[in-house]
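Asks: the amino acid sequence is not available; the structure is as follows:
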């Protein structure tokens, strides 16, 4: 027998086998050459890998959330790519650290807990009841799937358990709460003496001082560099208006898009669950008994309300709402999609136990007719075509402005655009103008190469538009003469001198007060304000004054503390602190302080907890693999 | 090794081998399968236990969020008696201690926190408990014990919170210089927590300092 195999192994069958075995070896690793493998690890947390795919998804999520916070703005420009990348990576590492802490502490979340959380989420409810239809719809809209959403939910529940363990559990000690509340509600009684900035205004300024200031700061006294620009704007919306739709195109488009215009079959289902994960005889018997009661004439809804073990649907008579395929566990789905309307199923076994299922209503799969969809398809077609044309034209514009770097007219003529002109602009541009106020356009206009007389590279601005600019005329910065800037210099020298004098006088008066001289004697022709008692949040008190006032040492009984502060507009304020008043804190604000302090201590504990996990873990980020990804993104 | 000429001889030696070692082989396979089965069963059992503890913990935290201390105690003691060795026991103990502090049963809370300091599996959880134990000890008048707890803790991310508490202790003792020193360290350490930095700065400012030098 064995001999037989050996004999025949010389034949052509043997060759086929050898060739078949060769194929996988030959192709092994070929995907390495076809682009970055999405499963490649971009970071590791104690050996637990974070894949390129996850990182990309996290990047998208971070971008999307920033875009929501700053609608209509280029978030990569505001925050910088490095910030966004770092935030995405930190988020992933944090998730992994918490996941590792979970497995270290044996934290788990069961399937039932996940199901419970999904069922009780208001986003998936209609009229206060979980609706599989809403659930499906919400997931489709966010581009998720039940499997992925359940995994996310499980992770979120675990993270919530840690938050409860660390944040919710914080309870600030009563003496700390009282001390904080007392500090926050503290008030201080004070009066002030102001040496006004105007007291030394209009001082004589000597000609040499003016000349000296001019010479020393010549570089600051330049007119700004200005340019007059020519530019062209390429816009997708302009192109869309010109798209012609050849006869029959939309019909073909309709055929190819049919799947997207079809609403899949949906069924509204009620069920009664007899929970029993083992699927035991007893549970089956109970399910049979319930079935018999319904067949004998009892209303399905009533039996569901009374006996169903599914807490999410029992109250609504077992109603699960409309659902399509892919939502329910397989045996359930099979039954739900094979029953006729109004029929009652045999007990159906799933991982949860036995279900009795009744189909209430069927929404047949329906495809929108051509006439119904025509307008929408035309619109879609136009913007799709225009978008293609737009990107092609951007490409051509890019080549044209590069090949003919000394003018824009050639490019404009080829692409059917108009060359527009601006007035003279400084680097600030024309604020509010959609092209000439755009920072990227201005940066391009003041680029060295463009100032030298070449066309700029095309710059993309908001709303699918691309701009190319060149400098039509340039005004170099020019030295302003002494006579031109004299008023500016005189004003600033006077202000400086006045501020110095005010400060010197203020400091002198302060010294005399601290030395024990009487308030009125020190004031001279200046006037002390009435005594005033203020809290920390007192409106109408200058920020600098408040800060100094509440940082002053407590005066002893019958004593006064003096301090002073120069305000930005030049006044010097002398403060006399007469009394620090510890106010009675009422129960309500004490409660508020307790909640706030406890919560903050909890949040800090959670942050420190994660930071400590990170210190203990071996976290590695493979920057080179991320860099490859960035190149791909920028291209 | 013997050389076999024919299939018959080969078959014969195979049969001999089987009669000699067959039982041992079957025995080995049976033991192996039983081992795998036992391991799977054990894993399922552990998973089930952990899920039960998780459900109890969820009950504890829901009760805590609702401020229902009696329910916290009920679900918490069920968790602690059935799953004393589990990670959830330490986490639930922190929530139990919170309820006890809010109910004014400080001694019970301190015992609870001490247990977490001594028994929690996750070292970071111990540090959280140690910090809270020090705070509770101070609130109960045991300043020396509080200070000793703060001093025995290892350095690391919890240092800012510890320094704040140290400052509070020094201040309560009437030692503003040491309080200032500790709070300044704390304010610097709270770099990622603006609200806490504000709170510590408030305390620092209240110690007093002059803006314009004499």
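Replies: Cool, the structure landed. Keep in mind it's a predicted model, so treat the numbers as computed, not measured.
Asks: distance check, the most centrally placed residue in chain B against chain A.
Replies: Residue closest to the mean C-alpha point of chain B, counted by CA atoms, centre = their mean, is residue B:125 at 3.4 Å. Relative to chain A, residue B:125 is positioned 7 Å away (CB to the nearest CB, to the nearest Å). Bear in mind the C-beta positions are built from the backbone N, C-alpha and C, glycine included.
Asks: got it, and residue B:71?
Replies: From residue B:71 to chain A the distance is 14 Å (CB to the nearest CB).
Asks: distance of the nearest residue to that residue once chain neighbours are set aside relative to chain A?
Replies: Residue nearest to residue B:71 in three dimensions, not counting chain neighbours: residue B:63, with 3.6 Å by CB to CB, 6 or more residues apart in numbering or on different chains. Going from residue B:63 to chain A by CB to the nearest CB gives 11 Å.
Asks: and the pLDDT for residue B:63?
Replies: Looking at residue B:63, its pLDDT is 94.
Asks: at which residues are the helices of chain B located?
Replies: Ranges of helices in chain B, per DSSP state H, are B:7-66, B:69-82, B:87-102, B:106-119, B:123-139, B:143-152, B:159-173, B:176-189, B:194-207.
Asks: what separates the shortest one from the chain centre, distance-wise?
Replies: Averaging C-alpha positions (CA atoms, centre = their mean, to the nearest Å) puts helix B:143-152 20 Å from its chain's average.
Asks: the fourth one now?
Replies: Centroid displacement of helix B:106-119 relative to its chain, using CA atoms, centre = their mean, is 13 Å.
Asks: now do the last one
Replies: Between the mean C-alpha point of helix B:194-207 and the mean C-alpha point of its chain there is a distance of 30 Å (CA atoms, centre = their mean).
Asks: quick check: mean pLDDT across it?
Replies: Across helix B:194-207, the average pLDDT comes to 93.
Asks: and chain A, is it touching that?
Replies: Yes: residues of helix B:194-207 contacting chain A under CB under 8 Å from any CB of the partner chain: B:195, B:196, B:199, B:202, B:203, B:205, B:206, B:207.
Asks: ok, residues contacting stretch B:127-136?
Replies: Residues outside stretch B:127-136 that contact it (CB atoms under 8 Å, 6 or more residues apart in numbering or on different chains) are A:166, A:170-173, A:176, A:605, A:608-609, A:612, B:90, B:93-94, B:97, B:101, B:106, B:109-110, B:113-114, B:116-117, B:120, B:145-147, B:149-150, B:152-154, B:156, B:158, B:161-162, B:165.
Asks: quick check: buried residues in it?
Replies: B:127, B:128, B:129, B:130, B:131, B:132, B:133, B:134, B:135, B:136 (16 or more other CB atoms under 10 Å in any protein chain shown).
Asks: just stretch A:558-576 next, same as before
Replies: Using 16+ other CB under 10 Å as the test for burial, stretch A:558-576 gives A:560-566, A:570-576.
Asks: by pLDDT, give me the weakest of the residues you listed.
Replies: Ranked by pLDDT, these bottom out at residue A:570, which has 83.
Asks: neighbours of residue A:80, just the number please.
Replies: Residues lying near residue A:80 (other CB atoms under 10 Å in any protein chain shown) number 11.
Asks: pull the contacting residues for residue A:41.
Replies: Per CB under 8 Å, 6+ apart, neighbours of residue A:41: A:49, A:50, A:51, A:52, A:622, A:625.
Asks: what about burial for the residues you listed, which qualify?
Replies: In the contacts of residue A:41, burial by neighbour count holds for A:50, A:51, A:52, A:625, counting by 16+ other CB under 10 Å.
Asks: sitting in helices, which of those residues do you find?
Replies: Short answer: those in helices (DSSP H) are A:52, A:625.
Asks: now render the buried ones among the contacts of residue A:41 as JSON lines, adding distance to residue A:495 and pLDDT.
Replies: As requested, the buried ones among the contacts of residue A:41 are exported to JSON lines (distance: CB to CB, whole Å; pLDDT from 0 to 100):
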{"residue": "A:50", "distance to residue A:495": "57", "pLDDT": "90"}
{"residue": "A:51", "distance to residue A:495": "61", "pLDDT": "88"}
{"residue": "A:52", "distance to residue A:495": "59", "pLDDT": "88"}
{"residue": "A:625", "distance to residue A:495": "57", "pLDDT": "78"}
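Asks: closest one of the buried ones among the contacts of residue A:41 to residue B:37?
Replies: residue A:51 (34.0 Å; CB to CB).
Asks: that closest one and chain B: what is the separation?
Replies: 26 Å.
Asks: that residue bridge partners, please.
Replies: Beta-bridge partners for residue A:51, by DSSP bridges, are residue A:41.
Asks: domains of the chain?
Replies: Answering for chain A, as no chain was given. Annotated domains of chain A cover A:2-32, A:35-169+A:617-634, A:187-220+A:483-581, A:226-245+A:382-475, A:265-364 [automatic domain parsing].
Asks: let's do chain B instead
Replies: Split into domains by automatic domain parsing, chain B comes to B:7-141, B:155-214.
Asks: the ones you listed: which one's closest to residue A:467?
Replies: domain B:155-214 (40.5 Å).
Asks: give me the residue from the stretch 1-150 of chain A nearest chain B.
Replies: Sorted by distance to chain B under CB to the nearest CB, the residues of the stretch 1-150 of chain A start with residue A:105, at 2.9 Å.
Asks: what is the burial count for that residue?
Replies: Counted with other CB under 10 Å, residue A:105 comes out at 23.
Asks: who are the contact partners of it?
Replies: Taking CB under 8 Å, 6+ apart as the test, what residue A:105 contacts is B:87, B:88, B:90, B:91, B:121, B:122, B:125.
Asks: go again using 6 Å as the cut-off
Replies: Neighbouring residues of residue A:105 by CB atoms under 6 Å, 6 or more residues apart in numbering or on different chains: B:87, B:121, B:122.
Asks: show me where the stretch 201-350 of chain A has its strands.
Replies: Secondary structure of the stretch 201-350 of chain A (DSSP state E, counting those that start in this stretch): strands at A:226-235, A:262-263, A:266-275, A:319-323, A:348-350.
Asks: ok, of those, where does mean pLDDT dip lowest?
Replies: strand A:262-263 (a mean of 82).
Asks: low-confidence ranges, chain B, go.
Replies: B:1-4, B:214 (pLDDT under 70).
Asks: residues of it that sit close to chain A?
Replies: Selection of chain B residues close to chain A by CB under 6 Å from any CB of the partner chain yields B:7, B:50-51, B:54, B:61, B:64, B:86-87, B:91, B:94-95, B:98, B:101-102, B:121-122, B:124, B:128, B:135, B:139, B:156-158, B:161, B:193, B:195-196, B:202, B:205-206, B:208-212, B:214.
Asks: that concludes my questions; thank you for your assistance.
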